[in-house]
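J.: pasting the structure only:
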């Protein structure tokens, strides 16, 4: 078994309202040192394969087709022992 | 400037309906090798401080108070140069 750890984040140029809301809440709680907050998705995808090369190809396909909205999001991933 | 990279994930014992929905969609798209999907949050928190020890303490406080729902979620983080 292998596992893909996938990170999906908004592109730098895209506004992050969720991040801004969390920043405001942290300031309200007294964490004035917070300068910026960016929020993304973190996914663990368990794969029934031991073929690392194939896994890289397939996870890239999964990200392009479903896991990330590539118009406004960037993605990166790593394949680890599952 | 320092930056905290925070990972918030559902506890193993907690059902992940969003993960199950993504798994189903991946299967529909033909990715039969996907055995399981767990989805969490990935946050980058920019901090106006260079005091690493203080940053660790404060980010732990932020996670406990706001960033994670510690009843159903686990969190971990790392402090990197910002």
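T.: Sure, I can see it. Note that the structure is predicted; figures quoted are calculated from it, not measured. Numbers count the residues shown, from 1 in each chain, chains lettered A, B, ... in the order given.
J.: any chance you could map the helices in chain A?
T.: For chain A, the helices defined by DSSP state H occupy A:17-28, A:52-62.
J.: Strands along chain A, start to end?
T.: A:2-10, A:34-47, A:73-81 (DSSP state E).
J.: Now distance to residue B:65 and mean pLDDT too, for the ones you listed, in a markdown table please.
T.: C-beta coordinates here come from the backbone N, C-alpha and C atoms, glycine included. Shown next, in a markdown table, are the strands of chain A (distance: least, C-beta to C-beta, whole Å; pLDDT from 0 to 100):
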| stretch | distance to residue B:65 | mean pLDDT |
| --- | --- | --- |
| strand A:2-10 | 24 | 97 |
| strand A:34-47 | 12 | 97 |
| strand A:73-81 | 28 | 97 |
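J.: Of the ones you listed, which is nearest chain B?
T.: Evaluated over these, closeness to chain B peaks at strand A:34-47, with 4.0 Å, by C-beta to the nearest C-beta.
J.: Could you pull out the buried residues of the closest one?
T.: Neighbour counts over strand A:34-47 (16 or more other C-beta atoms under 10 Å in any protein chain shown) mark A:34, A:36-47 as buried.
J.: could those residues go into a markdown table alongside distance to chain B?
T.: As requested, the buried residues of strand A:34-47 are exported to a markdown table (distance: C-beta to the nearest C-beta, whole Å):
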| residue | distance to chain B |
| --- | --- |
| A:34 | 6 |
| A:36 | 4 |
| A:37 | 5 |
| A:38 | 4 |
| A:39 | 5 |
| A:40 | 4 |
| A:41 | 6 |
| A:42 | 4 |
| A:43 | 5 |
| A:44 | 4 |
| A:45 | 5 |
| A:46 | 4 |
| A:47 | 5 |
